[in-house]
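J.: What follows is a predicted structure for the sequence shown.
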Amino acid sequence: MLRLPPIRLESPATVRDAAKLIAKGNARLVAGGTDLWPNMKRRHQKAETVISLMSIPGLAAIDSSDTDIRIGGTATLANIIRDDKVRERFPAFAKALASISSPPLRNMGTIGGNLCIDTRCTYYNQTEEWRRSIDYCLKEEGTICWVATKSPRCWAHTASDSAPILCALEAVVKLESAEGERELPLAEMYVDDGIDYLSKQPDEIVTEVKVPGTSDSSQCRSSFWKLRRRGSIDFSTMSVAAAVWIDDSEIVTRASMYLGAVGPAPMPVADIASVLVGNKITEDGIAEIAHAARKIARPMDNTDFSPSWRGKMTEQYAAAALREIAGLPQLRMQPRHMLKVV
């Protein structure tokens, strides 16, 4: 049995107090702990002090009283899924959350934790003895990336399922530190680097996610497709999140697509806007966008399935996501875990 190392656990009463503690260094934040505790047991992540956010009042709130929906950083995935307004207004977001792991972990895992979840790699997510036996990789104390041995950088891939769909829906995050707070588009919080994958400062805490009312189902059609070996528990090996804004004449006014788990950050498919905006969604347009998604995807040999097959499936899933939005017949079976929100 893997055990946690000795730690000092702090439970501050306010976000500002938590930010002051994390700013002192050699500390980590924890909410549900579904990612941090296993990582600390395997000695991926280390800290003398762990600061729990779960005792901070109001940080788990889900507020749908306004046009936008505001979700506190420690709101659990299960509670978000159960929220009637979330399911009604942002169904693809609810489906993405419902696809994460299993019910027990969704009862513990939080939205802030999932957005900040550590990047993953076959050579990194192993026990310490395993990693030490082949020499540590670049992501942890080593000098080489075992996925791309001549690369000067780390290629661990993003593991968040909430990030791609929230990026597509143009969500905004609120970050708070001891110096104050700021907001930024969620897509800007990610960096294309397997080690330094977040642009937020180490002492900044994700306190809120705002999903804009302009992206709800009355104005925007969205979809989320996820590839993994099993229908539950497994991390994504590739995902596609798409959002398309369509007027009364079925003309696209805005469009967004992000790929997950094929690079260190959610990857935007920029061509979707140039192809769709000003036009109706057509078979030819879908094929063009799906091909563009395949070109920018960079799956590496760092997770389940072969990189080449994951790349091909990126094109297939991008097409499937857009066909769902357009109401066109699907040419492939929908993943079992995506059939309904539970």
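T.: Structure's in. What do you need? Only a predicted model underlies this, so the values are computations on that prediction, with no experimental measurement involved.

J.: how about low-confidence regions in the chain?
T.: Applying pLDDT under 70 to the chain flags the ranges 333, 335-342.

J.: one more time with 90, if that's ok
T.: By pLDDT under 90, the low-scoring segments of the chain are 1-2, 25, 44, 64-66, 128, 140-141, 231, 298, 330-342.

J.: Show me the helices in it, by range?
T.: Secondary structure of the chain (DSSP state H): helices at 15-23, 36-41, 77-82, 84-89, 91-98, 103-108, 111-115, 128-134, 162-168, 271-276, 283-296, 307-326.

J.: contacting residues around residue 29?
T.: 18, 22, 50, 51, 53, 205 (Cβ atoms under 8 Å, 6 or more residues apart in numbering). Yep, even glycine has a C-beta here, placed from its N, CA and C like the rest.

J.: Look up phi and psi at the nearest residue to residue 190 once chain neighbours are set aside.
T.: Excluding its sequence neighbours, the residue lying closest to residue 190 (Cβ to Cβ, 6 or more residues apart in numbering) is residue 265, at 3.8 Å. Main-chain dihedrals, residue 265, degrees, to the nearest 10: phi -140, psi 160.

J.: Report the contact partners of residue 265.
T.: 158, 190, 191, 192, 193, 197.

J.: circling back to that earlier point, among the contacts of residue 29, which one lies nearest to residue 231?
T.: Here the nearest of the contacts of residue 29 to residue 231, counting by Cβ to Cβ, is residue 53; it sits at 30.8 Å.

J.: and the closest one, what does it touch?
T.: Counting by Cβ under 8 Å, 6+ apart, residue 53 has contacts 15, 18, 29, 30, 31, 59, 73, 74, 112, 205.

J.: ok, now how distant is it from residue 159?
T.: From residue 53 across to residue 159, the span is 20 Å (Cβ to Cβ, to the nearest Å).

J.: ok, residue 263 - how many residues close by?
T.: Neighbour count for residue 263, taken as other Cβ atoms under 10 Å: 23.

J.: Surely it is in contact with residue 192?
T.: Yes: judged on Cβ atoms under 8 Å, residue 263 makes contact with residue 192 at a distance of 6.4 Å.

J.: Provide a complete list of residue ranges assigned to strands in the protein.
T.: If DSSP state E is used as the criterion, the strands of the chain fall at 8-10, 27-30, 49-52, 62-63, 69-72, 172-177, 180-185, 205-211, 220-227, 238-246, 252-260, 267-268.

J.: Quick one: distance of the fourth one to the chain centre.
T.: So that's strand 62-63. From the chain centre to the centre of strand 62-63 is a distance of 20 Å (Cα atoms, centre = their mean, to the nearest Å).

J.: out of the contacts of residue 29, which one sits closest to residue 180?
T.: For the contacts of residue 29, the minimum distance to residue 180 (Cβ to Cβ) is 11.9 Å, reached by residue 205.

J.: what about the nearest residue to that closest one once chain neighbours are set aside, neighbour count?
T.: In space, residue 205 comes closest to residue 176 once its chain neighbours are excluded; the distance is 5.3 Å by Cβ to Cβ, 6+ apart. Neighbours of residue 176 under the rule other Cβ under 10 Å: 20.

J.: and the gap between residue 228 and residue 99?
T.: Distance from residue 228 to residue 99, by Cβ to Cβ: 8 Å.
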